[in-house]
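**Student:** Any chance you can model this:
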Amino acid sequence: MAGAAAEERRLATVVESWLGRPVLVIGDAMLDEWRFAEPDRLCREAPAPVLSLRRRMSAAGGAANTAVNVSALGGRAVLVAPVGADVAGDELHDCLDRAGVWDRTVNQPGRPTPVKRRMLAGNQILLREDSGDPDDVLDDDGVARLLTALECATEELRAAAGGEAPTLVVCDYGLGSLPTPVRAWLVTARDRYATVALDAHDLAEWRGLAPTVVTPSFAEATRLLARAAARTDSHLHLDHPDADPPDGPSELSVGTAPGNHSAATDVVAGNHGERRGGAAPAGGMPPGGRGSAAGRPLGRTMGLTGAPTPGEDRVATTGDGLSVTGTGVTVNAEAGAGVDRAVLAESRLAELRAHTGAAVVAVTLDTDGAVVGSAEGAPRRSHSTPVPASHTVGAGDAYLAAMTLALAADAPLPTAAQLAQLAATITVSDTGTCVCRREDLLDALGLPAGDPGHSSLVTPDELTTIVDAHRGAGRSVVFTNGCFDVLHPGHVHYLQQARALGDLLVVAVNSDGSVRRLKGPDRPINPVEDRVALLAALACVDHVVTFEEDSPAGLIETVRPDVYVKGGDYPPEMVPEAPLVRRLGGQVRTLGYVPDRSTSAIIERIRAHNQVPSGEPRDATAPVPGRPA
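**Tutor:** Here you go, the predicted structure:
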């Protein structure tokens, strides 16, 4: 149990460290509309139910939902995207404002805001209507204004973060928001962003970006490898069947669960495919360089492939089990039946990194979780929990947001993968577009926001990251220091007063060696581990750090507190650290102790009880007067 608690605190520290981290999201923003209806009767004109609308709600979708998730998780999110001058655009702006996203979208008159409208009855999606067409291209003026917004938002975030390079998230779902000039600008400006995350239907379009992480669905990874094989194998020639079945190829529907499941079949939490068109994707993962004119399979699809990518006429299924794309690449839907998709994905991670130029590849596997890997270390597999399909819309956006924030905060890849999967999984408790809040994530870790478990001991380096994140989010930092050798009510009252002076209280504790130099060879009474544990258990204390020096000046220069607090009845001018604090822009406050409550008084009382009257023999095992009990 102790190990599990330590792991939860470690993960919570990462979540704390990304607070206020600047993230620029650019891409295809859309509006998700949900219509909840009840079937009353059958229609006279056809054997169809008549639905009475009971409730309607709207939410940010696509790139906009990724920005909402970044903000909800504690990051500082800015969205740059073209949005139509229409009712849907107005609703999208309202969604962004409510979520605290910095709305830097560009108004595009004459180009409608993409909308996904879902009609539900009994919590079951009956149909989805999409508006917004990739053919609605941005005109030259729209492209110019989008590039201007991108440039301004990048500098705005950098300035707000004190010169720190922001993080970039690119969400390209093939709706035309990222034309060639915008892609070229992002590739050229790659060095202006510390971490870059890419989520794109067509990863091949972004090879020059060199992203930190890409998050393709299984179908998108399949498509990328199939195209690569088609380009490199001159003998590869996979034709469309000579004749389609009598009723012709069926266009892939969106909102469909993988395999042969019905629409009511449960699908997985964290489904990347859902946010890209409602489908839980399950494409084929072709072995690289394999396939021949004889039609050796490129891979396997356990059901339908993903939505069409730009430049493809369609993605369709035919009666003979083939999936056909406009590029002429055919994937056999029956090949590799019974093979674990996670095993296939893991075996192709190196090729996917090579084809995308990414340092990290996270292949999402709908019902099978995800496989994440980099060139360093073993791949990591995460798992998921089956939920109804109507619960998974946008869960992939939560996955992307948490993965990006964790990597931007320099978390180890296994930690980032764990937090990303957790963020996706906990968002799917109800019907609607998924958003993971920071409070929900901490609660899932067993450490609700504000829980004393957050007050764990941190190193000076970790403290720097945490304080910078809080300050970037506009929070004030209070700093105090002391030996806190025997914790008593006077300490508690003093620390409660200190916490009330700001948003974050950091307590610096003298090490055992430092206490001995300051207080004498018989101190401390309690070792630093015990002193830190007691302080960390106080609800008013956010973080505890130890220092070896006699003075906390080094830590003060690192933290640059807004308020520096000391206990005592002397004025602030008498505090030795006061000039340093003021030079760094902070203020100094002194708070009086509770009368008759002090460590020295407690120690003296303990010693007095151990005194032996003069002339009486002393037990050899009894404490020596003047020494700590």
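
**Student:** from what I can see residue 360 touches residue 374, true?
**Tutor:** Yes - here residue 360 reaches residue 374: they are 4.7 Å apart, a contact under CB atoms under 8 Å. To be clear about C-beta, it is placed using only N, CA and C from the backbone, and glycine gets the same treatment.

**Student:** Pick out whichever of these two has more residues nearby.
**Tutor:** Under the neighbour definition other CB atoms under 10 Å, residue 360 and residue 374 were set side by side, and residue 360 has more, 23 against 19.

**Student:** Find the residue closest to that one in space, skipping its chain neighbours.
**Tutor:** Nearest residue to residue 360, sequence neighbours excluded (CB to CB, 6 or more residues apart in numbering): residue 213, at 4.1 Å.

**Student:** Hmm, the one you found is touching residue 357, no?
**Tutor:** No - using CB under 8 Å, residue 213 is not in contact with residue 357, being 11.3 Å away.

**Student:** Neighbour count for those two, which is higher?
**Tutor:** residue 213 (27 against 15).

**Student:** can you map out the helices along the stretch 151-300 of the chain?
**Tutor:** Listed in chain order, the helices of the stretch 151-300 of the chain (DSSP state H, counting those that start in this stretch) span residues 180-188, 218-232, 272-275.

**Student:** Looking at those helices, which one is packed in the most?
**Tutor:** Among the helices of the stretch 151-300 of the chain, the stretch with the highest mean neighbour count (mean count of other CB atoms under 10 Å) is helix 272-275, at a mean of 30.

**Student:** ok now stretch 12-32, how far from the chain's centre?
**Tutor:** In terms of CA atoms, centre = their mean, to the nearest Å, the centre of stretch 12-32 is set 6 Å apart from its chain centre.

**Student:** can I get the CA coordinates of that stretch in PDB?
**Tutor:** As requested, C-alpha coordinates have been extracted for stretch 12-32 and formatted as PDB (Å, rounded to 0.1, in the frame of the first residue of the first chain):
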ATOM      1  CA  ALA A  12       0.100  13.900  -8.800                       C
ATOM      2  CA  THR A  13       3.400  15.800  -8.700                       C
ATOM      3  CA  VAL A  14       3.500  15.600 -12.500                       C
ATOM      4  CA  VAL A  15       0.000  16.900 -12.700                       C
ATOM      5  CA  GLU A  16       1.000  19.800 -10.400                       C
ATOM      6  CA  SER A  17       4.000  20.600 -12.500                       C
ATOM      7  CA  TRP A  18       2.100  21.200 -15.700                       C
ATOM      8  CA  LEU A  19      -0.100  23.900 -14.100                       C
ATOM      9  CA  GLY A  20      -0.100  27.000 -16.300                       C
ATOM     10  CA  ARG A  21       2.000  25.400 -19.000                       C
ATOM     11  CA  PRO A  22       1.500  27.400 -22.200                       C
ATOM     12  CA  VAL A  23       0.000  25.300 -25.100                       C
ATOM     13  CA  LEU A  24      -0.900  26.500 -28.500                       C
ATOM     14  CA  VAL A  25      -3.500  24.400 -30.300                       C
ATOM     15  CA  ILE A  26      -4.100  24.800 -34.000                       C
ATOM     16  CA  GLY A  27      -6.300  22.800 -36.400                       C
ATOM     17  CA  ASP A  28      -9.800  21.800 -37.300                       C
ATOM     18  CA  ALA A  29     -12.200  23.200 -34.700                       C
ATOM     19  CA  MET A  30     -15.800  22.100 -34.800                       C
ATOM     20  CA  LEU A  31     -19.000  22.200 -32.800                       C
ATOM     21  CA  ASP A  32     -20.400  19.000 -31.300                       C
END
